[in-house]
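*Asks:* give me a model of this one.
(chains A and B)
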Amino acid sequence: MANPMIRLEGVTKRYPGQDRPAVDHIDLDIPEGEIVIFVGPSGCGKTTLMKMINRLIEPTEGRIFIQGEDVTGVNPDQLRRRIGYVIQQIGLFPHMTIGDNIATVPKMLGWDRSRIDKRIDELLELVGLEASFRSRYPKQLSGGQRQRVGVARALAVDPPVMLMDEPFGAIDPITRDRLQNEFLRLQAEIRKTIVFVTHDIDEAIKMGDRIAILREGAKIAQYDTPKHILSAPADAFVADFVGAGASLKRLNLSRVRDVALSQWPTVPVGTHPEAALAVLRQSDRGSLLLLDAQNRPFRWVTARDIDRDDIPLDQAGMAPEAIVEPHATLQDALNQMLDSSHGAAVVVDGQGAYLGAVDFATVALAIQDMRREARDQLRAEAVELSDTGGIATS
Amino acid sequence: MSIATPGRTLGQEPEADVPGPASVVTAPPPARHRRPWLGYAVMPVLLGLVCLALYAWLQSKQLDSIERRLVNSHDIREGVVEHVKLTVVSTFFVILIAVPLGILLTRSFAKWVTPGVIGLANIGQMVPSIGVLVILALIWTIGFRPAVVALVAYAVLPVLRNTMVGLQQVDRNVIEAGRGMGMTKRRVLTRIELPLAVPVILAGVRTALVINVGAATLATFVNAGGLGDIISGGLSTSRNTVIVTGAVLTAVLALFVDWVGGIVEDLLRPKGL
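*Replies:* Model prediction:
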């Protein structure tokens, strides 16, 4: 990372009366435009570490650079106005309208009224709230809406850096999932550098471009992409923290388009039953997929359906089910596959044309590939380190 | 605290950890919406009826010369004006002292003096006002000023305590959000903490007003006038009619002041709460 947006150098926090530091000599580079997640068990110091970036907690030792500028000594209030901040309970000011809440930082920076008004409208639109929300009060909003206002308020002066402290922590699971997806879409647009604290490894895997897994004393156990952390945990602590379902979680990070699809026996609609039966017998599958004139899945039929005399082949069998597109995650595909009665999820392209299928063999192969890839990379890194004379500490 | 404060008590307001022995805090009215305008009219109408009934009752009685000398429209008007003056001036000084003190005592640098100051305010309320008045009369003077001093000492506690509780019950997350966005400590205090504490502070002020209306009847003993003149005149001449008249008028005034305080509370409560 040549020019990290945020660089921590030997950042340490000691509290008086405690013999062990809460945060112990952290060095960390956070690249521009990425979401970096601090995750770890409670009490590991992840929130302390994050709050030292905007100096809500003053570091005892070490330096913090933002965009190359040492901010360890600047006026903390001025510094915080340049850094977006979202906390778990959102902390909207209950006696101010949504508009006034969003205008908090612009007002402190002395923007004129018309510029602030324009910005409020822009931000409400950005987070998907109607313009009429600006004159409402926080208590008139739902939890999800407040969360969006919290994000809008943090983005008010378009800061390059945002700090988020469990921003989706106090929201029900269904709304949380929707807000997370929304936020990822938003981030694809605004490309902020985001430091995000959570204790939930699944959220970390979903939201993070990179994850820093912290152990007690805010020591970094592993700092890597979600893929690598899941495939090649650095040590027993990380493996333990990621949990038993690492392979399943890993499937959430792979897309159907990245794996080799299985082929399934297919025939076009209108094929003679005898010919269809012959195709089915040649394969080792229990059913056959009928495709329509546009090559789209039309019916699932089994040998018994083909044998029936009472109804024509194109009305026999079952309507297609478990259909996924290439951008679906492998986990989605696996889920569809388990639900289907044929042991496979059918993959179609954007026009709905048949591409292949995902079955158990596909998934098993994909997992093997991920493991091999991660092992190879670790080996390559180890070789690189020993070549350059470095010491592999982790 | 041995003296029951009029008004409502605060039960389980979040994080209402009051330092010191104080336990009863006046809560802001639970009603979150403004009352309909008709609701505001009930109390003055009721008080008007009470005054009318008192007037009719006095008219129906044959008052002797002593009673007539004590209960007449001129003296009553003068008594009410003096009484209101005592109440308003002392409450003004109570606010002037207690609100800034409450703000100071809730700042993190003042944590260590807080219990001491609260204890002092407690003493102010526990010592009988009549005793304070007598002492002040002996060592200083009589009249309006010692009466105000005694009333202020007596009524500082509820406002001080409510100011502190009002500031302490402001959601820590809201304060942290403000600090995290780069608001200075002073700005957080003036833009967030104080506005959010206003309902609780005003509830304390309202309590102080009512306390002072009651306690101001004692001002008569240092020759500071007020409705206490009528009551003590009735007592010293054994005229029950006079005592009842003074007591009813004081009660009506207390309820009226409380009513005005309620309206002010409703007007000043920040929107959105």
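
*Asks:* going forward, measure contacts and count neighbours with C-alpha atoms only.
*Replies:* OK.

*Asks:* helices or strands up against the biggest helix by length in chain A?
*Replies:* Counting residues, the longest helix found in chain A (DSSP state H) is helix A:360-387. Helix A:360-387 is packed against helix A:226-231, with contacts defined by 3 or more CA pairs under 8 Å, 6 or more residues apart in numbering or on different chains; DSSP states H and E.

*Asks:* what's in contact with the helix it packs on?
*Replies:* If you take CA atoms under 8 Å, 6 or more residues apart in numbering or on different chains as the criterion, helix A:226-231 is touched by A:204-205, A:208-211, A:222, A:238-239, A:242, A:246-247, A:249-250, A:253, A:370-371, A:374.

*Asks:* same check, this time on stretch B:72-88
*Replies:* So stretch B:72-88 is in contact with B:144, B:147-148, B:209, B:212-213, B:216-217, B:224-230, going by CA under 8 Å, 6+ apart.

*Asks:* list the buried residues in the longest helix of chain A.
*Replies:* In terms of neighbour count (16 or more other CA atoms under 10 Å in any protein chain shown), helix A:360-387 has its buried residues at A:362-363, A:366-367, A:370-371, A:374.

*Asks:* what would those residues look like in CSV with pLDDT?
*Replies:* Below are these laid out as CSV (pLDDT from 0 to 100):
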residue, pLDDT
A:362, 84
A:363, 84
A:366, 83
A:367, 81
A:370, 78
A:371, 78
A:374, 73
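
*Asks:* tell me which two in those are the farthest apart.
*Replies:* A:362 and A:374 (18.5 Å; CA to CA).

*Asks:* pull the CA atoms of the lowest-mean-pLDDT helix or strand in chain A into CSV?
*Replies:* Every helix and strand of chain A was ranked by mean pLDDT, DSSP states H and E. The lowest is helix A:246-251, at a mean of 76. Provided in CSV are the C-alpha atoms of helix A:246-251 (Å, rounded to 0.1, in the frame of the first residue of the first chain):
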residue,chain,number,x,y,z
ALA,A,246,-15.9,-21.3,7.8
SER,A,247,-16.4,-23.3,4.7
LEU,A,248,-20.1,-22.4,4.5
LYS,A,249,-19.3,-18.7,5.1
ARG,A,250,-16.6,-19.0,2.4
LEU,A,251,-19.3,-20.0,0.0
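
*Asks:* return the set of buried residues in it.
*Replies:* The neighbour-count check on helix A:246-251 (16+ other CA under 10 Å) flags A:246, A:249-251 as buried.

*Asks:* for the residues you listed, could you give me TSV that also reports distance to chain B?
*Replies:* Formatted as TSV, the buried residues of helix A:246-251 follow (distance: CA to the nearest CA, whole Å):
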residue	distance to chain B
A:246	34
A:249	33
A:250	35
A:251	37
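
*Asks:* so for stretch B:139-155, what's the average pLDDT?
*Replies:* In this model, stretch B:139-155 has an average pLDDT of 85.

*Asks:* list the buried ones in that stretch?
*Replies:* Buried, per 16+ other CA under 10 Å, within stretch B:139-155: B:142-155.

*Asks:* so of those, which ones are in helices?
*Replies:* Judged by DSSP H, the subset of those located in helices is B:144-155.

*Asks:* can you pick out the most distant pair from the residues you listed?
*Replies:* Most distant of these, by CA to CA, are B:144 and B:155, 16.5 Å apart.

*Asks:* surely residue B:212 is in a helix?
*Replies:* Yes - assessed by DSSP: H, G, I helix; E, B strand; the rest coil, residue B:212 belongs to a helix.

*Asks:* from residue B:250, how far off is it?
*Replies:* As defined by CA to CA, to the nearest Å, residue B:212 lies at a distance of 11 Å from residue B:250.
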